[in-house]
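J.: Sequence plus predicted model, see below.
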There are 2 protein chains.
Amino acid sequence: MKTLQDLKPLVSYLQDVQHLSSAISMLHWDQETYMPPGAGRGRAEQLSALEGLAHDKSVGPEMERLLSKWVDLKSGQVKGEARDWAEEARALLREVWRDYNKATKLPSEFVRRFGKASSLSEQVWVEARKKSDFSLFAPHLKTMVALKKEEIGYIGYQASPYDALLDDYEPGMTVAKLVPLFASLKAQLAPLLEKIVHSPVQPKADFLHRAYPPEKQLAFGQQVLEAMGFDFNHGRQDLSAHPFTTSFHPTDVRITTRVEADDLLSSLFSSIHEGGHALYDQGLDPDLFGTPLGEALSLGIHESQSRLWENGVGRSKPFWKHFYPILQKTFSEGLTGVDPETFYAAVNRVRPSLIRVEADELTYNLHIMIRFEIERALIEENLPVEALPSLWNEKMRQYLGITPDSDADGVLQDIHWSGGAFGYFPTYTLGNLCGVQFLNQAKKERPDLEEEIAKGNFLPLKKWLNEKVHRWGRRYSSDDLIRRVTGESLNPDYFVRYLKEKFSPIYRLA
Amino acid sequence: MKTLQDLKPLVSYLQDVQHLSSAISMLHWDQETYMPPGAGRGRAEQLSALEGLAHDKSVGPEMERLLSKWVDLKSGQVKGEARDWAEEARALLREVWRDYNKATKLPSEFVRRFGKASSLSEQVWVEARKKSDFSLFAPHLKTMVALKKEEIGYIGYQASPYDALLDDYEPGMTVAKLVPLFASLKAQLAPLLEKIVHSPVQPKADFLHRAYPPEKQLAFGQQVLEAMGFDFNHGRQDLSAHPFTTSFHPTDVRITTRVEADDLLSSLFSSIHEGGHALYDQGLDPDLFGTPLGEALSLGIHESQSRLWENGVGRSKPFWKHFYPILQKTFSEGLTGVDPETFYAAVNRVRPSLIRVEADELTYNLHIMIRFEIERALIEENLPVEALPSLWNEKMRQYLGITPDSDADGVLQDIHWSGGAFGYFPTYTLGNLCGVQFLNQAKKERPDLEEEIAKGNFLPLKKWLNEKVHRWGRRYSSDDLIRRVTGESLNPDYFVRYLKEKFSPIYRLA
């Protein structure tokens, strides 16, 4: 395409910047996987130096020279002959400018100050969580909230200051859109949860916590990842304390998992979850690497992929029709005598619990709503951070009917706030909703999809997602993409219907 | 020190550049250890981009502004009040200018082109070596030779174009110095080898090639590394096809080894060798990180450390007095009935062999001379790369009296040329000579050294090396350092005497 040829100098520059960012990602990956314990201080300095350099490159004079040829730097308007270019090239310029414009709003000095504060805050959070002592963490959390408010001041906003934060993770998302969405969702989930909790049928799951050798767990997880189409020629799986996915290039996408000898499913579902993220990153167009069109669209869309695979597939009947016999054979010491129905019910057990990342498909979203409300109170209403532990516990009671007996299992459980990632949590629920909506559409277009999954053939689904979602990168907005793929905007009804259809037979609901 | 305070802006800038260079080192490390097989092309592009960026930073206007405050950029003369500073600060400026001056000679575009070509070439070499197919590798080797000649054109030279390459690895070294040194060494080694080969006493070593479980080999190697003082809190050991040491910071120094189930000593000696390198890197002053005073002096000095440990210690009587009983117990399946004298003789067996890295202490240097002559032919005489396999085999016959039966075990065995590292090999022999000269001095100053080693206490030697060699970084020239430590310049007589003293009893030479 002539237009992309014209953009070559800009694209080439963007690729250089992305290569640097990918090096930063590798330093983070290494820090979580193989870095020697005593190397932390040097690594922190290294990360800070490279992050400063990457920021300078994305707003520096060379960037401005290359971009201003096609875009008015003040307004973002595409100019000259670029106005007549194909949609793809214009989308590229639109998104490049979006990143540039946002980056220029943040003073270099602020970026550095933020980096130092968040690094320190994350370290203190680890300590505070270990000691279950919120008061240790409170001053750092206060700093992070203040820094985010300062950031909002630079970025600006229309209706709510929280919108400026949301936009970082889910471009275009606002409080005004989220509030009714979450309200409607809550109104439907709460009675469903009520019925489930009071059902006389309650699945057993004790057999999931017998002795399951870690190496065998990892080998089984790898088998599932291979079946999903995770490309081990262009990726790998390692161990880390907290599972994550990182990508240095579409040809080098890495996931991590953790494994415990008395938990059969935690490592497996983490592998499937991260594997879903990884399929997205491996499915991006390598020719567009370094440009926004070669990047994942948003955290919500990213999470739609991980949750689609983890829950929509990994907790489905067809999945276990294929994999349960293999699992049972592999782990006969723990699973002998556990019939497929019992196992399937255990995998889908719903019960209010304290820890978000271990929550079931239903209550998970209530955990998110709690965090969303607390974040808004911090950002919009200047709630003092000291009020958080009691507010957290109150909301846990209100939403889930349980109360943490320690801050470690309560307000201190998530890393996000320690690094200043306010506005991130809602994307998890957006991903849950969107994942089901995508899967629903895939089943409509490929009526044999579940049959194929039951045969262990996941590639039709993977290919459908590659084609419909992955390969477009940031070409469309989230809303546009969802409408292009499913014919309508994000609609929580699909998710609620999916839960009802799944849980009604398990819990014999009326 | 006031002077170092004055240098703070320059040092801080150098540290940022070094952090970037360390990220590049990590990308190389990852490429050899964990990178997914299909990620090579993207990685090559990434390395090229980052190398270009690092190069730009080391010669850019900010660098010039900071350095020109204290040094005349054209001549390298220290100027103004810096002339009166302490030797340490002036040494720092001298070496910073040396790097700067060399880097400015290379165009950015060349550095990028070189980075990309060498990364690809290294990957093809791996493949070519696996398939023992020189023709696969030849076009890449041709490119690397052409690139090095182009580089010589930028750098310039006095007597031989090869001097420009030597200087990269061993500053100040020239063909004019090496040729007589190697000639004299060869004149003394050849008759010694002749006597050894024809001795009626020939150590047995078949027991070294029984079945030795790789995990146990690695565990034993780790035990030896710990005894040497390798700090696993600030380093680690991984597996790779070709063992190497890399350092990202004095607090993060990594070595690799390879292990074969039918070879008891190859992995162990590679661990000791790389461990010797690593002790040097871990022994650099972290406060001087990023400056030349926090960097290793030269490859020759680096190799003196690895060879001192590998051979001077690892193949010595006192070492095995301590470790042989442990080894024998660990690998009783293969070593039962093998007495210490027999084992010691096997460890020091001299015999012409095909693979440099597995060669004994004596013939090793003949392998180096072969490579030195071939490199000079490529660089000084424009020998076509196609001629290499047969030239290699001819020289092997001439120097060692044997001929490789495959290119994998011949001309393709070393990684160096694939990355364009011509001029590197001679530093191995320089290291052999220098290592023995250092060890000789250490024994003179610490008469109990061997006794301590025989007790498994390696720390006096490690501390001596830390103090005498490691901590100085690039403060002195190689020749100055060797004279400071041993009282005279590099003198091959120590090495020859050491070999004669070791091999005479083993081979019962007259």
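T.: Right, received. Where do you want to start?
J.: Give me the residues contacting the helix or strand hosting A:Trp464.
T.: Taking DSSP states H and E as the definition, A:Trp464 sits inside helix A:459-468. Residues outside helix A:459-468 that contact it (CB atoms under 8 Å, 6 or more residues apart in numbering or on different chains) are A:228-229, A:279-280, A:283, A:305, A:308, A:313, A:438, A:441-442, A:445-446, A:448-449, A:452-453, A:484-485. To be clear about C-beta, it is placed using only N, CA and C from the backbone, and glycine gets the same treatment.
J.: Pull out the buried members of the residues you listed.
T.: A:228-229, A:279-280, A:283, A:305, A:308, A:313, A:438, A:441-442, A:449, A:452-453, A:485 (16 or more other CB atoms under 10 Å in any protein chain shown).
J.: so which two of these are the farthest from each other?
T.: With CB to CB as the measure, no two of the buried ones among the contacts of helix A:459-468 lie farther apart than A:Tyr280 and A:Glu452, at 20.4 Å.
J.: ok, so what distance separates the residue nearest to A:Gln188 when sequence neighbours are not counted from A:Pro139?
T.: Excluding the flanking residues, the one nearest A:Gln188 by CB to CB, 6 or more residues apart in numbering or on different chains is A:Val496, at 4.6 Å. When distance is defined by CB to CB, to the nearest Å, A:Val496 is 41 Å away from A:Pro139.
J.: Tell me if stretch A:241-251 is near chain B.
T.: Yes. Contact of stretch A:241-251 with chain B (CB under 8 Å from any CB of the partner chain) involves A:248-251.
J.: What distance separates the opening and closing residues of that stretch?
T.: Taking CA to CA, to the nearest Å, the first and last residues of stretch A:241-251 lie 25 Å apart.
J.: Pull out the buried positions in that stretch.
T.: Across stretch A:241-251, burial judged by 16+ other CB under 10 Å covers A:243-251.
J.: again with stretch A:27-34
T.: Within stretch A:27-34, the residues scored as buried using 16+ other CB under 10 Å are A:27, A:29-34.
J.: Rebuild the residues you listed as TSV, extending it with secondary structure, pLDDT and distance to B:Thr363.
T.: Converted to TSV, those look like this (DSSP: H, G, I helix; E, B strand; the rest coil; pLDDT from 0 to 100; distance: CB to CB, whole Å):
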residue	secondary structure	pLDDT	distance to B:Thr363
A:Leu27	helix	95	42
A:Trp29	helix	95	42
A:Asp30	helix	95	39
A:Gln31	helix	91	43
A:Glu32	helix	89	45
A:Thr33	helix	95	40
A:Tyr34	coil	97	36
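J.: Check those one by one and keep those near chain B.
T.: Near chain B, taking CB under 8 Å from any CB as the test, the members of those found are A:27, A:30, A:34.
J.: Can you name the residue of the stretch 351-500 of chain A nearest to chain B?
T.: Nearest residue of the stretch 351-500 of chain A to chain B, counting by CB to the nearest CB: A:Gly473, 16.1 Å away.
J.: how near is the closest residue in space to that residue that isn't next to it in sequence to chain B?
T.: Sequence neighbours aside, A:Leu293 is the residue nearest to A:Gly473 in space, at 4.2 Å (criterion: CB to CB, 6+ apart). According to CB to the nearest CB, to the nearest Å, A:Leu293 and chain B sit 17 Å apart.
J.: how many neighbours does A:Leu293 have?
T.: Neighbour count of A:Leu293, defined by other CB atoms under 10 Å in any protein chain shown: 23.
J.: Assign a three-state SS to it, would you?
T.: At A:Leu293 the chain is in helix, as set by DSSP: H, G, I helix; E, B strand; the rest coil.
J.: and stretch A:158-175, how far apart are its ends?
T.: Taking CA to CA, stretch A:158-175 runs 11 Å from one end to the other.
J.: to the chain's geometric centre, what's the distance from stretch A:426-436?
T.: In terms of CA atoms, centre = their mean, to the nearest Å, the centre of stretch A:426-436 is set 9 Å apart from its chain centre.
J.: so where's chain A shaky on pLDDT?
T.: For chain A, the stretches flagged by pLDDT under 70 are A:1-2.
J.: What parts of it come near chain B?
T.: So chain A meets chain B at A:15-16, A:19-20, A:22-24, A:26-27, A:30, A:34-39, A:41-43, A:45-46, A:49-50, A:52-53, A:231-236, A:238, A:248-252, A:286, A:289 (CB under 8 Å from any CB).
J.: now, which of these lie within strands?
T.: Among the residues of chain A next to chain B, the residues falling in strands (DSSP state E) are A:235-236, A:238, A:248-249, A:252.
J.: so which pair among those residues is furthest apart in space?
T.: So, these by CB to CB: farthest apart are A:Asp238 and A:His249, at 17.0 Å.
J.: Name the nearest of the buried ones among the contacts of helix A:459-468 relative to B:Asp339.
T.: For the buried ones among the contacts of helix A:459-468, the residue nearest B:Asp339 by CB to CB is A:Met228; the value is 57.0 Å.
J.: so the closest one touches A:Phe458, yeah?
T.: Yes. Between A:Met228 and A:Phe458 there is a contact at 5.1 Å, judged by CB atoms under 8 Å.
J.: and for these two, which residues touch both?
T.: When contacts are counted by CB under 8 Å, 6+ apart, A:Met228 and A:Phe458 are jointly contacted by A:Val313.
J.: Return the member of the buried ones among the contacts of helix A:459-468 nearest to B:Tyr154.
T.: Of all the buried ones among the contacts of helix A:459-468, B:Tyr154 sits closest to A:Gly283, with 42.8 Å by CB to CB.
J.: gap between the closest one and A:Asp168?
T.: Between A:Gly283 and A:Asp168 the computed distance is 23 Å (CB to CB).
J.: Could you look up the SS state of the one residue sitting closest to the centre of chain A?
T.: Nearest to the mean C-alpha position of chain A, by CA atoms, centre = their mean, lies A:Glu303 at 4.1 Å. What three-state DSSP gives for A:Glu303 is helix.
J.: Look at the closest residue to it other than its chain neighbours and say how many residues are nearby.
T.: Nearest residue to A:Glu303, sequence neighbours excluded (CB to CB, 6+ apart): A:Gly431, at 2.4 Å. Neighbour count of A:Gly431, defined by other CB under 10 Å: 24.
J.: any idea how far B:Gly229 is from A:Gly431?
T.: Taking CB to CB as the measure, A:Gly431 falls 50 Å from B:Gly229.
J.: go on, A:Gly52?
T.: Distance of A:Gly52 to B:Gly229, computed by CB to CB: 35 Å.
J.: try A:Glu260
T.: Relative to B:Gly229, A:Glu260 is positioned 35 Å away (CB to CB).
J.: now do A:Leu239
T.: For A:Leu239, the distance to B:Gly229 equals 28 Å [CB to CB].
J.: swap in A:Pro352?
T.: 54 Å.
J.: cool, A:Ser118 as well?
T.: Counting by CB to CB, the gap from A:Ser118 to B:Gly229 is 36 Å.
J.: do the same with A:Glu274
T.: For A:Glu274, the distance to B:Gly229 - CB to CB - is 39 Å.
J.: where along the stretch 301-450 of chain A do the helices fall?
T.: For the stretch 301-450 of chain A, the helices defined by DSSP state H, counting those that start in this stretch cover A:317-330, A:332-335, A:340-347, A:364-380, A:388-400, A:426-445, A:449-454.
J.: and the fourth one, how far from the chain's centre?
T.: Using CA atoms, centre = their mean, we find the averaged C-alpha position of helix A:364-380 to lie 16 Å away from the chain's own average C-alpha position.
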